[in-house]
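>>> let's see this in three dimensions:
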Amino acid sequence: MDSSSIQAFSTGLQILQTIGTSHSYAFPEMLMSEELTNVRLLPKTFHHSHRRSNHSSHSFTATWLYSYLYQKDLKMRFSLTNGKHKTLNFISANTTLSERILEESRTFRCAEDGTFEVLQVPLIGKCDLIFFLPKKGQSLKDSIRELNSTRIQTLFNEMTVYNVHYAIPHFHMKSTFSYIVGREAHKFHFKWVGSSYGSQAREKKNLNRFRERRMSFISPAIDRTPYSFIANRPFFFSVLDHGSPTVMGVYNGH
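Predicted coordinates:
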């Protein structure tokens, strides 16, 4: 990430700290300027009055580059911020596919430090969906406070290709924000979907290409040991477009 992207990401973290982690929400890049760090989350019951002329509505759909597994009966316990648990639908890795795409130019990458485990998921286009999962026993609120520009840069520099076996809650969210007190409001809808990469015809095509590449040259050794990323507790996430944050948000199980 370049310096401007790091600055935008740091500003997004300030907004996360301002709004807090007691709700799930997502906001777009237009709220990440330094002038808008007083953004506040409005309740879901909020409705625009006819007198409000200054309001806008946007949406963002993150389409994964590779397919994942989603079954309605795949459920896991998610730890809530109040110490209780909630059973949620999760998506999981297509482990056969995860193994095969390790040598692709864009694949799953991970990094971690003493506070966060980070998963980078490639999206269609030049975007990536990044999950920041606090280590077990650490709260999301306190973990976000510990992040600074140096640690952000270090985590992204250390992103490494892994055979990732992940499990992540299947969620989408609609959020409404006020960023000039009482005068302007912004509605934002964020969701993510799987791709058609896993279709039989395309899978066969990519498998043949993979075999041809392996026969044409000897590739460097890649650690194929599975890396487990289980998002069963509150986390924050970001969508990066060419390395710059275009969406940020929190998911806490609600």
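
>>> going by C-alpha atoms from here, please, whenever you check contacts or count neighbours.
Noted.

>>> and Val247, what are its bridge partners?
Beta-bridge partners recorded for Val247 (DSSP bridges): Pro28, Val239.

>>> give the contact list for it.
Ala26, Phe27, Pro28, Glu29, Ser238, Val239, Leu240 (C-alpha atoms under 8 Å, 6 or more residues apart in numbering).

>>> confidence score at it?
On the pLDDT scale, Val247 is placed at 94.

>>> do Met30 as well
Met30 carries a pLDDT value of 77.

>>> backbone dihedrals for it, please?
Per-residue torsions, Met30: phi -60, psi -20 (degrees, to the nearest 10).

>>> ok so, going back, what is the lowest-pLDDT residue among the contacts of Val247?
Within these, Glu29 has the lowest pLDDT, namely 84.

>>> which residue sits closest to it, ignoring its sequence neighbours?
Nearest residue to Glu29, sequence neighbours excluded (C-alpha to C-alpha, 6 or more residues apart in numbering): Thr246, at 4.6 Å.

>>> most neighbours among the contacts of Val247, which one?
The most crowded member of these, judged by other C-alpha atoms under 10 Å, is Phe27 (30 neighbours).

>>> can I assume that residue is in contact with Lys191?
No: contact criterion C-alpha atoms under 8 Å: Phe27 and Lys191 do not qualify, at 11.7 Å.

>>> Trp192: neighbouring residues, count only.
Around Trp192 there are 16 residues (other C-alpha under 10 Å).

>>> list the contacts for it?
Each residue near Trp192 by C-alpha under 8 Å, 6+ apart is listed here: Thr61, Ala62, Thr63, Trp64, Phe171, His172.

>>> Throw these into JSON lines and include distance to Lys84 and neighbour count, thanks.
Below are those laid out as JSON lines (distance: C-alpha to C-alpha, whole Å; neighbours: other C-alpha atoms under 10 Å):
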{"residue": "Thr61", "distance to Lys84": "30", "neighbour count": "11"}
{"residue": "Ala62", "distance to Lys84": "30", "neighbour count": "20"}
{"residue": "Thr63", "distance to Lys84": "31", "neighbour count": "20"}
{"residue": "Trp64", "distance to Lys84": "31", "neighbour count": "21"}
{"residue": "Phe171", "distance to Lys84": "19", "neighbour count": "17"}
{"residue": "His172", "distance to Lys84": "22", "neighbour count": "15"}
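
>>> ok, the residues you listed vs Arg106, which is closest?
Arg106 lies nearest to Trp64 out of the contacts of Trp192, by C-alpha to C-alpha, at 11.5 Å.

>>> test my guess that that closest one contacts Ile130.
No: under the criterion of C-alpha under 8 Å, Trp64 is not in contact with Ile130, lying 11.6 Å apart.

>>> between the two, which contacts overlap?
Between them, Trp64 and Ile130 share the contacting residues Val121, judged by C-alpha under 8 Å, 6+ apart.

>>> quick one: average pLDDT of stretch 4-18?
Mean predicted lDDT for stretch 4-18 stands at 89.

>>> residue boundaries of the helices in the stretch 51-200 of the chain?
Here the stretch 51-200 of the chain has its helices, by DSSP state H, counting those that start in this stretch, at 95-100, 140-146, 149-157, 200-216.

>>> the third one packs against which elements?
Using 3 or more C-alpha pairs under 8 Å, 6 or more residues apart in numbering; DSSP states H and E as the contact criterion, the secondary-structure elements in contact with helix 149-157 are helix 3-19, strand 109-112.

>>> same list (those) but as a markdown table, adding mean neighbour count.
Formatted as a markdown table, the helices and strands packed on helix 149-157 follow (neighbours: other C-alpha atoms under 10 Å):
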| stretch | mean neighbour count |
| --- | --- |
| helix 3-19 | 19 |
| strand 109-112 | 20 |
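
>>> before we move on, the earlier item: going by mean pLDDT, which of the helices of the stretch 51-200 of the chain comes out lowest?
Lowest mean pLDDT within these: helix 200-216, at a mean of 49.
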